[in-house]
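Novice: 3D model of this:
(one chain, ligands or ions: 2)
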Amino acid sequence: MISEFQHPDLQVCVLAAGRGKRMRSNKPKVLHKVLGRAMIDYILHTVESLRPGGIAVVTGHASDMVQAHVGQPQNLEWVIQEQQLGTGHAVRQCEEVISDVRDVLIVCGDTPLLRSETLAKLVSEHRDRDAVVTILTAEPDDPSGYGRVVRDAEKQVSWIVEEQDATDTQRLIREVSSGIYCVRYDVLFDLLHKLGNRNAQEEYYLPDIVPLALKDGRSVRAVCMPDAAEMMGVNDRAQLSMAEDILQAYIIHDWQRRGVTIEKPETVRIEATVSIGPDTVIQAGCYLMGSTHIGDACRVGPYAVLVDAWIDDQVEIFAFSHIHDANVAMGTKIGPFARLRPGTQLDEDVHVGNFVEIKNSIVNRGSKVNHLSYIGDTEMGVDCNIGAGTITCNYDGANKHKTMIGDRVFIGSDTKLIAPVEVQSDATVGAGSIITKKVESGGLTISERTNQRYVPHWQRPRKQSR
Ligand code: UD1
Ligand code: CA
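Specialist: Numbering: from 1, shown residues only. Ligands and ions are numbered 1, 2, ... in the order given. Purely as a prediction, here's the structure:
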């Protein structure tokens, strides 16, 4: 049996050739990101979940960039539209790659909020009503910018008028076209070949297949979607941030339903690619980005920034910490004001305190770096205590060098470890040391200190009175 979510007799055509002039960008529009994921990735994910017979993606402007981003999924064909002469012209370029199927579903690359359920409904209504052309429409509060759906006296769709071509009265129409169409394959290209470009933009408009189909006596239907926000097209950066806001509200609700507490949700950014475990608390102002994963029962924030971070269960991240491409094991405490840079791995029950930066280092179970330190290119064993102001001097101006620290090492405050250098297990290093050679296991290692003098009967300078 073929389920609602399998459509072998459907081909999808994704229109993504436009430059997106209104974005004013060197990057093609569909590569702009909405909450951390490119718009083209949203629409491809949505159409892929319909399991269609094939997907044709029309690219033109910077097609190499779009193709490099997407790669080559199995059932995807790239179609190049050399000149962007309109949406109808774009679909026409797919004639060679679209095989003989029942219907063609045409979607735009710039509608990232669209859900696959909505598309499945469009296809099933199109088929149930035995229509030749079915348009997905909506009634947003503000229809400006969209093609308006003009209906005749019997309320039947008669054509779609683009904003640039519309009269003042037509612009008052609330119902708009989402730009998404389901069309019978056996008539689609015939209709497309009849398109003209006598309109304000001198483009071959896809919506003009509607009056052409009606002229041939074909049935044209419209399916109006209940949630207009979902079909929102992103044409400029203002709409990009509106789309982010709408999607952010969905994502936050979704995590709340799954047991995540989110304080001051309106101040938090959680990208679409992030995952969070139940009983975790996300405090105000946090940015959770990229492939970040946070486990169960953690506390994050306020104002923490996590990018591509992997955080295990029961981790506490205090205010204003910044974690990028680092791995943090269970029960660890970080911050406030800590920075973990790429390649950092913290094992269980590690403490990283305020104003500590750690880069490309492994810190093993139970070790503590609690105050004002820089640890770079270091391997540290278990249960070490690294005193305030310890610096691994890992860079000689040309090359980076490693610092190896064994288990249960105690490093006194304000120590400089000049790499490459090794501190063996159970060593103690006295405060203020400058370590340039191997520190032997056990005992105390301390570098020469300057003499301390006592000057009795010394007077502090006094402020001179004028
Ligand atoms: C389009 C529709 C409009 C609809 C709106 C919904 C047309 C003429 N207008 O307007 O009815 O209300 O979408 O969001 O269809 N593209 C190409 N090749 C081209 C031109 C465009 O591939 O030659 C692609 C674009 O990359 C984009 C999509 O088609 O992904 C839509 O083009 P866009 O310029 O954004 O059309 P709108 O003005 O938004
Ligand atoms: Ca658009």
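
Novice: just for the stretch 351-466 of the chain, where's the confidence low?
Specialist: The stretch 351-466 of the chain contains no residues with pLDDT under 70.

Novice: tell me which residues form a beta bridge with the closest residue to ligand 2 within it?
Specialist: Scanning the stretch 351-466 of the chain for the residue nearest ligand 2 gives Lys359, at 42.7 Å (criterion: CB to the ion). Any C-beta I mention is one placed from the backbone N, CA and C, and that applies to glycine too. On the basis of DSSP bridges, Lys359 is bridged to Gly376.

Novice: does it really touch Asp377, like I thought?
Specialist: Yes. The pair Lys359 / Asp377 is scored as a contact, 7.2 Å apart, by CB atoms under 8 Å.

Novice: pLDDT below threshold where in the stretch 201-350 of the chain?
Specialist: Of all residues in the stretch 201-350 of the chain, none has pLDDT under 70.

Novice: what does it have sitting close to ligand 1?
Specialist: 205-207, 233, 235 (CB under 6 Å from any ligand atom).

Novice: thinking again about what came up before, which residues sit in contact with the residue of the stretch 351-466 of the chain closest to ligand 2?
Specialist: Lys359 sits next to 341-344, 375-377 when contact means CB atoms under 8 Å, 6 or more residues apart in numbering.

Novice: now with 10 Å, please.
Specialist: By CB atoms under 10 Å, 6 or more residues apart in numbering, the contact list for Lys359 reads 324, 326, 339-344, 374-378, 392, 394, 400.

Novice: and for Met289?
Specialist: By CB under 10 Å, 6+ apart, Met289 lies in contact with 35-36, 269-271, 273-274, 305-309, 324.

Novice: so how far is Val300 from it?
Specialist: Distance, Met289 to Val300, using CB to CB, to the nearest Å: 12 Å.

Novice: can you check which residues contact both of the two?
Specialist: Applying CB under 10 Å, 6+ apart, one finds that Met289 and Val300 are jointly contacted by 306, 309.

Novice: ok, longest helix in this structure?
Specialist: Taking DSSP state H as the criterion, the chain has its longest helix at helix 237-257.

Novice: show residues contacting the helix or strand following it.
Specialist: Next in sequence after helix 237-257, counting helices and strands by DSSP states H and E, comes strand 261-262. Strand 261-262 has contacts (CB under 10 Å, 6+ apart) with 251-253, 255-256, 268, 270, 276, 278-284, 286, 299-301.

Novice: the helices in the stretch 201-350 of the chain, which residues?
Specialist: Secondary structure of the stretch 201-350 of the chain by DSSP state H, counting those that start in this stretch: the helices cover 209-215, 237-257.

Novice: the last one near ligand 2 anywhere?
Specialist: No. Applying CB under 5 Å from the ion, one finds that helix 237-257 is not in contact with ligand 2, the shortest distance being 8.6 Å.

Novice: centre of the chain versus that helix, how much separation?
Specialist: Once both centres are worked out by CA atoms, centre = their mean, to the nearest Å, helix 237-257 turns out to sit 12 Å from its chain's centre.

Novice: what packs against it?
Specialist: Contacts defined by 3 or more CB pairs under 10 Å, 6 or more residues apart in numbering; DSSP states H and E place helix 237-257 against strand 33-34, helix 39-48, strand 261-262, strand 269-270, strand 275-276, strand 281-282.

Novice: can I get these in CSV with mean neighbour count and distance to Pro461?
Specialist: CSV is the format used below for the helices and strands packed on helix 237-257 (neighbours: other CB atoms under 10 Å; distance: least, CB to CB, whole Å):
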stretch, mean neighbour count, distance to Pro461
strand 33-34, 20, 59
helix 39-48, 21, 67
strand 261-262, 18, 56
strand 269-270, 22, 53
strand 275-276, 19, 58
strand 281-282, 22, 52
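
Novice: now these in a markdown table, with distance to Trp78?
Specialist: Below are the helices and strands packed on helix 237-257 laid out as a markdown table (distance: least, CB to CB, whole Å):
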| stretch | distance to Trp78 |
| --- | --- |
| strand 33-34 | 21 |
| helix 39-48 | 12 |
| strand 261-262 | 40 |
| strand 269-270 | 32 |
| strand 275-276 | 31 |
| strand 281-282 | 40 |
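
Novice: okay, and Thr118 sits in which element?
Specialist: Assigned by DSSP H and E, Thr118 falls within helix 116-128.

Novice: what comes up buried for that helix?
Specialist: 118-120, 122-123, 125-127 (16 or more other CB atoms under 10 Å).

Novice: may I see the contacts of Met289 organised as TSV, with distance to Ser49 added?
Specialist: Listed next are these as TSV, based on distance: CB to CB, whole Å:
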residue	distance to Ser49
Leu35	19
Gly36	20
Arg269	25
Ile270	22
Glu271	20
Thr273	17
Val274	20
Val305	31
Leu306	28
Val307	27
Asp308	25
Ala309	28
His324	31
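
Novice: nearest to Leu172, of those residues?
Specialist: Leu35 (33.5 Å; CB to CB).

Novice: give the contact list for that closest one.
Specialist: By CB under 10 Å, 6+ apart, the contact list for Leu35 reads 42, 112, 243-245, 247-248, 250-251, 269-274, 289.

Novice: of those, buried ones?
Specialist: The buried subset of those (16+ other CB under 10 Å) comprises 42, 112, 243-244, 247-248, 251, 269-274, 289.

Novice: tell me the one among the contacts of Lys359 nearest to Val157.
Specialist: His324 (51.1 Å).

Novice: number of nearby residues for the closest one?
Specialist: A count of neighbours around His324, defined by other CB atoms under 10 Å, yields 19.

Novice: that one and Glu357 touch, don't they?
Specialist: No. Shown here, His324 and Glu357 do not form a contact pair, counting by CB atoms under 10 Å, at 11.2 Å.

Novice: any common contacting residues for those two?
Specialist: Between them, His324 and Glu357 share the contacting residues 339-341, 344, judged by CB under 10 Å, 6+ apart.

Novice: make a markdown table from these and add neighbour count and distance to Glu95 to it.
Specialist: Converted to a markdown table, those look like this (neighbours: other CB atoms under 10 Å; distance: CB to CB, whole Å):
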| residue | neighbour count | distance to Glu95 |
| --- | --- | --- |
| Arg339 | 21 | 55 |
| Leu340 | 29 | 53 |
| Arg341 | 16 | 51 |
| Thr344 | 25 | 53 |
